[in-house]
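Engineer: Pasting a predicted model and its sequence here:
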Amino acid sequence: QVQLVESGGGLVQAGGSLRLSCAASGHAFTAYAMAWFRQAPGKEREFVAGIRWVGGIPFSADSVKGRFTISRGNAKNTVYLHMNSLKPEDTAVYYCAAKTMSFGGLSDAPSYDYWGQGTQVTVSS
């Protein structure tokens, strides 16, 4: 059983920063890629940022580029989302996702095998 556990969400004022963490655990689990998605009320889930374990090159959605950065942790199967210059429109539930196979792009939500429960990020104006 693979579990993804997110932490670090909360309430922050516009212009502030937060760091989300995600740790994946499970017997013999090795991620090919991990990513963050978000879903705001009344909107579809959208890709935020992702990273492949081999190579470690991060990719971000245009809406957060220059403000958000995904990085791998020193611990295996751990990723962070560093969020700076937060805006009210960043308010959403943020989900960590992981996949073990290479099919589908980083932003392709259906290609991910495992999802966390989500952590709420609220940005006040």
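Structural biologist: Structure received. None of these values were measured; they are calculated from a predicted model.

Engineer: can you map out the strands along this structure?
Structural biologist: Per DSSP state E, the chain carries strands over the ranges 3-7, 10-13, 18-25, 33-39, 46-52, 58-60, 68-72, 78-83, 92-99, 114-115, 119-124.

Engineer: So which residue is dead centre in the chain?
Structural biologist: By C-alpha atoms, centre = their mean, the chain has its centre lying nearest to Trp36, at 1.9 Å.

Engineer: How much space separates that one from Tyr80?
Structural biologist: Using C-beta to C-beta, to the nearest Å, Trp36 is found at 9 Å from Tyr80. All C-beta atoms are positioned from the backbone trio N, CA, C, and that covers glycine.

Engineer: what do these two both touch?
Structural biologist: Common contact partners of Trp36 and Tyr80 (C-beta atoms under 8 Å, 6 or more residues apart in numbering): Leu20, Cys22, Ile70.

Engineer: ok, of those residues, which come out buried?
Structural biologist: Those of those that meet the buried threshold are Leu20, Cys22, Ile70, by 16 or more other C-beta atoms under 10 Å.

Engineer: which residues does the residue lying closest to Cys96 once chain neighbours are set aside contact?
Structural biologist: Nearest residue to Cys96 in three dimensions, chain neighbours excluded: Cys22, at 3.4 Å (C-beta to C-beta, 6 or more residues apart in numbering). Listed by C-beta under 8 Å, 6+ apart, the contact partners of Cys22 are Leu4, Val5, Glu6, Ser7, Met34, Trp36, Thr78, Val79, Tyr80, Leu81, Cys96, Gly116.

Engineer: again, only using 6 Å
Structural biologist: Leu4, Glu6, Val79, Cys96 (C-beta atoms under 6 Å, 6 or more residues apart in numbering).

Engineer: Please apply the same query to Thr69.
Structural biologist: Contact partners of Thr69, counting by C-beta under 6 Å, 6+ apart, are His82.
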